[in-house]
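# I'll drop the sequence and a predicted model, then ask my questions.
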Amino acid sequence: MVNKYTSPRVLFPGTINEALELAARENSPVFWSGGTAITDRPESHSTLINLPKAIISLRMINELTRTARSETGMEISSMVTLDRLASISRRILAPGIFETLTLIGSRPLRCRATLGGHIAEYFIKSKSDQSTCTHPSGYLVPLLQLLDASVEIRYLRERARRKPVSAVKRIPLTLLEGEEGLGSREIITKINIPAGGWNFVVVECLPSEDNSASPLLFQALAKVEKSVITDWRIAVMDGTGKILRNRETEAILSGHSLPLSEKDISSLENGIKGLTESWENRKKDQNTVLRLTHYFMRKVSEQY
């Protein structure tokens, strides 16, 4: 039996509107940014890559490659590569971004992978088995959620008896779940990260008890003013793609003075145990998160 493979139709729009119009005319099109997600998954028992029938490359759209910073925050277009993002001064980047970028694959991969593709692919893979990935998927997503980032999405809005028009919606990253957040013919065009005044961050990636190939990712932020914790946030993710975060846990220490009292520390420990209660058969991972939280708070106390 001979398998037949046909080359895909590759389209190169010059604007976002043109890309959306092409997507509306094609059957099951795939937007191509860095291409790491598509070329990462060859068919089993085959050395060939199973490419889609229609690929819409975003490489020629210059408006998707810009970055801007103001007093209110940072705006990053979706086609900015992870390597280019890492080259921006750490004094300009939001806290934790540079540290997280260094955990994502090798530099050749980061030179291809784009920020928009990194985010979009996470929400696709989170529906399936993340352990099948050959490189870390979505490592920036939990941190961007902690930073209150939002995404700008462009799409064509249908109108009765009239030509569809380009429309924009802005969604907090925490709500970008499933097809309601990002449809197959929608494009992430920008990521907005507000200035949050965070002055302490810890990013750690350690082996997981559940699967040695799926590391445990720990990210935490704190905002301290005059020895008072005005805000702190924590997110944990492993190879399953699920982000563990709990607002009630984060509210435990808000408004508390440093150094923390024994009562504060006890409340914190209980909150972390509640955060990781879904890992009831993974005591080692639970203890790792608890240890990293203690380390984070100890570093904060030493600084202030």
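That came through fine. Residues are numbered from 1 along each chain as shown.

# Is V10 bridged to anything, and to what?
I55 (DSSP bridges).

# What is the burial count for it?
11 (other CB atoms under 10 Å). The C-beta positions use only the backbone N, C-alpha and C, and glycine is treated the same way.

# residues in contact with it?
V10 is in contact with W32, I55, S57, counting by CB atoms under 8 Å, 6 or more residues apart in numbering.

# Setting the sequence-adjacent residues aside, check what's closest to the last one.
What that stands for is S57. W32 (4.6 Å; CB to CB, 6 or more residues apart in numbering).

# Next one: that neighbour, what pLDDT does it get?
For W32, the model assigns a pLDDT of 87.

# With R298 instead?
Reported pLDDT for R298: 91.

# How about the contacts made by it?
When contacts are taken as CB under 8 Å, 6+ apart, R298 is in contact with no other residue.

# From W232, how far off is it?
13 Å (CB to CB, to the nearest Å).

# Next: E186.
E186 is 34 Å from W232, by CB to CB.

# Could you check which of those two has the larger neighbour count?
W232 (25 against 19).

# now the more buried one, which residues is it bridged with?
Judged by DSSP bridges, the bridge partners of W232 are A222.

# for it, what are its contacts?
A220, L221, A222, K223, E250, L253, S254, V300.

# What of T114?
So T114 contacts S33, G34, S78, M79, V80, T81, L82 (CB under 8 Å, 6+ apart).

# Let me know the closest of those residues to R170.
S78 (13.2 Å; CB to CB).

# Spatially nearest residue to that closest one (excluding sequence neighbours)?
G116 (2.5 Å).

# Now do the SS call for that neighbour.
helix (DSSP: H, G, I helix; E, B strand; the rest coil).

# Wait, it touches M79, no?
Yes - between G116 and M79 there is a contact under CB atoms under 8 Å: 6.4 Å.

# hey, what's in contact with both of those two?
S33, L64.

# neighbour-wise, which of the two wins?
G116 (26 against 23).

# where do the helices sit along this protein?
Using DSSP state H, the helices of the chain run over residues 16-25, 36-39, 82-87, 97-101, 107-112, 115-125, 140-146, 178-181, 247-250, 262-275, 283-303.

# Just name the most buried of those.
helix 140-146 (a mean of 25; mean count of other CB atoms under 10 Å).

# helices or strands next to that helix in the packing?
helix 97-101, helix 115-125, strand 216-225, strand 228-237, strand 243-244 (3 or more CB pairs under 8 Å, 6 or more residues apart in numbering; DSSP states H and E).

# just the CA coordinates of that helix, formatted as PDB?
The C-alpha coordinates for helix 140-146 follow below in PDB (Å, rounded to 0.1, in the frame of the first residue of the first chain):
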ATOM      1  CA  LEU A 140       4.600  31.700  29.800                       C
ATOM      2  CA  VAL A 141       0.900  31.300  30.200                       C
ATOM      3  CA  PRO A 142       0.600  31.000  34.000                       C
ATOM      4  CA  LEU A 143       3.000  33.900  34.600                       C
ATOM      5  CA  LEU A 144       1.100  36.100  32.100                       C
ATOM      6  CA  GLN A 145      -2.100  35.200  34.000                       C
ATOM      7  CA  LEU A 146      -0.400  36.300  37.300                       C
END
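
# Many thanks, we can stop here.
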